[in-house]
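A.B. asks: just need the structure, nothing else, for what follows:
(one chain, ligands or ions: 3)
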Amino acid sequence: MGITMSTLVDDTGAASTPIHALRATDWPSFREGLSPVARRFAENVHFEPKPGRHLLLPGEGGTLEGAVFIEDPKKSEAERAFGRGGLASVLPRGTYRFQGEMGDPALVAFAWLTDIYRFEAYRSKEEQPHARLVLPKSVNAARVQRLADAIAFGRDLINTPANDLAPDGLEAAARGLASKYGASFEATVGEALLDANLPMIHAVGRASATPPRLIDFSWGEASAPKVTLVGKGVTFDTGGLNIKPDAAMLLMKKDMGGAATALAAARMVMGENLPVRLRVLVPAVENAISGSSFRPGDVLRSRKGLSVEIGNTDAEGRLILADALALADAESPELMVDFATLTGAARVALGPDLPAFYATDDDFAAQVLALGTRINDPVWRLPFWAPYDEMLASRIADVSHISNTPFAGSVTAALFLKRFVEKARMYAHFDLFAWTPTARPGRPLGGEAQVARLIFETIEERFRKAK
Ligand code: BES
Ligand code: MN
Ligand code: ZN
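C.D. replies: Ligands and ions are numbered 1, 2, ... in the order given. So this is what the prediction gives:
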């Protein structure tokens, strides 16, 4: 669990093993320059210079002289930086440096750290030492480490099974984070949600043995621009009375992935001391099944006053988010962003690695898209397509929370959320998967705090410049 310090090493000129990052076409001439031992070794192991492959280079007497890594010229610069970082978990332990140009060293270092991450809370075996990376002095290694630690924090929350992370556990994690940075913290729990006029959070979460709650913390100068992050915190999603089939339920411990992203991003914002007034809201519930479950056909009253007809208890995330968004919207934040593992439809459209992104502000959207590519935390924009609003029509209530057609599942969910946001100057919504099903460089299999770094970098760029 977590990432050991000292994986990133300052360049003091001490001995380190060089990594030669090459293109496949450079390999023949590079090979000619190798020592006879290394050249013969490459032949004997039948090394083929294909993108993503690496080769250890032996020296006289069996020492490790260096490593060769073949890059993929078709990949973007940021993806190539991640490719380099991915060497962290395949190279033997030791201290390495990249020979020649490093690319974007901070990005390589970030990928290196996040590549090494493993979720080991439930294993008895001890952590193994791993490969270290020497960084040029120009890189702020402490910042890279803090960002990677924030990602590890988010991943740990997602990977922790629901029996050890119920709404109370999510509250404890948020409380710990808030106290680390001196934020003011509040939680509204159980029946108190009704008194606080958060009825949908209560309705969705009341069937669980662990009471539902709204987690709410604020940090920073009250006069600074208000940025509010809202994360879906469903610690387990059975689907409720509209129960999910077994395969669909198996991974639903990750249904608090939006909350994990919001908390990881908050950790970055506070850790880098950005000049914003940050507020984080996490409605935390377990969508459970019991005699007190909410039902298909129920009509819920929402905080905003709109009555909401329930078509399917498995569309629970948008209900708890709606009350949290309405609460946050009342103070007219400059920017309000929510993160949620909201729909299977977003996954059908874009797959697990590319979150869907919605924004009311085109300039903000352009900034997010450009940064996503630049730092390899990519998203794809989908529209708040107003003409589909009528798919949310209800015959007996002000609105239905699901579409009356099988189409545009992610868009209609986004449109439902948008009904609860009126005063925020900019509003954005991310429909996430929060999980890496197949490991890639910098992205081990398991929970992923998708877009945490993206929203942090966006906030930093937007509000640091404005000052
Ligand atoms: N948490 C799920 C969505 C989900 C499923 C995200 C799988 C990522 C992977 C959400 O609560 C849900 O069940 N949504 C339903 C909505 C439907 C009933 C309108 C869905 O997408 O099927
Ligand atoms: Mn659901
Ligand atoms: Zn859900």
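A.B. asks: residue contacts, the closest residue in space to residue 219 that isn't next to it in sequence?
C.D. replies: Counting by C-beta to C-beta, 6 or more residues apart in numbering, residue 219 lies nearest to residue 183, which is 3.7 Å off, once chain neighbours are set aside. Heads up, the C-betas are built off the backbone N, CA and C, glycines and all. When contacts are counted by C-beta atoms under 8 Å, 6 or more residues apart in numbering, residue 183 is found next to 177, 217, 218, 219, 270, 278.
A.B. asks: in a markdown table: those residues, plus secondary structure.
C.D. replies: Converted to a markdown table, the contacts of residue 183 look like this (DSSP: H, G, I helix; E, B strand; the rest coil):
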| residue | secondary structure |
| --- | --- |
| 177 | helix |
| 217 | strand |
| 218 | strand |
| 219 | strand |
| 270 | helix |
| 278 | strand |
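A.B. asks: most widely separated two among those?
C.D. replies: By the measure C-beta to C-beta, 177 and 218 form the most distant pair in the contacts of residue 183, at 12.6 Å.
A.B. asks: those two: which is more packed in?
C.D. replies: residue 177 (21 against 17; other C-beta atoms under 10 Å).
A.B. asks: from memory the more buried one sits against residue 263, does it?
C.D. replies: Yes: applying C-beta atoms under 8 Å as the test, residue 177 and residue 263 come out as touching, 5.9 Å apart.
A.B. asks: which residues of the stretch 151-300 of the chain lie near ligand 3?
C.D. replies: The stretch 151-300 of the chain has residues 234, 237, 255 near ligand 3, with proximity defined as C-beta under 5 Å from the ion.
A.B. asks: how about a cut-off of 8 Å?
C.D. replies: Contact residues (C-beta under 8 Å from the ion) of the stretch 151-300 of the chain with ligand 3: 232, 234, 237, 252, 255, 287.
A.B. asks: how near is the fourth one to ligand 1?
C.D. replies: Translated: residue 252. Distance of residue 252 to ligand 1, computed by C-beta to the nearest ligand atom, to the nearest Å: 7 Å.
A.B. asks: next one: the fifth one
C.D. replies: When distance is defined by C-beta to the nearest ligand atom, residue 255 is 5 Å away from ligand 1.
A.B. asks: helix, strand or coil: sort out that residue for me.
C.D. replies: helix.
A.B. asks: which ones are touching it?
C.D. replies: 232, 234, 235, 236, 237, 287, 317, 341.
A.B. asks: buried set for the helix or strand harbouring residue 348?
C.D. replies: Per DSSP states H and E: residue 348 is located in helix 344-350. For helix 344-350, the neighbour count (16 or more other C-beta atoms under 10 Å) marks 345, 346, 347, 349, 350 as buried.
A.B. asks: picking up where we left off before, quick check: pLDDT value at the residue nearest to residue 219.
C.D. replies: If you check residue 183, the pLDDT there is 98.
A.B. asks: also the one 5 residues further on?
C.D. replies: On the pLDDT scale, residue 188 is placed at 99.
A.B. asks: confirm that it sits in a strand.
C.D. replies: Yes: remark: residue 188 belongs to a strand, assigned using three-state DSSP.
A.B. asks: quick one: it and residue 194 touch, right?
C.D. replies: No: here residue 188 lies out of contact with residue 194, judged by C-beta under 8 Å, at a distance of 9.7 Å.
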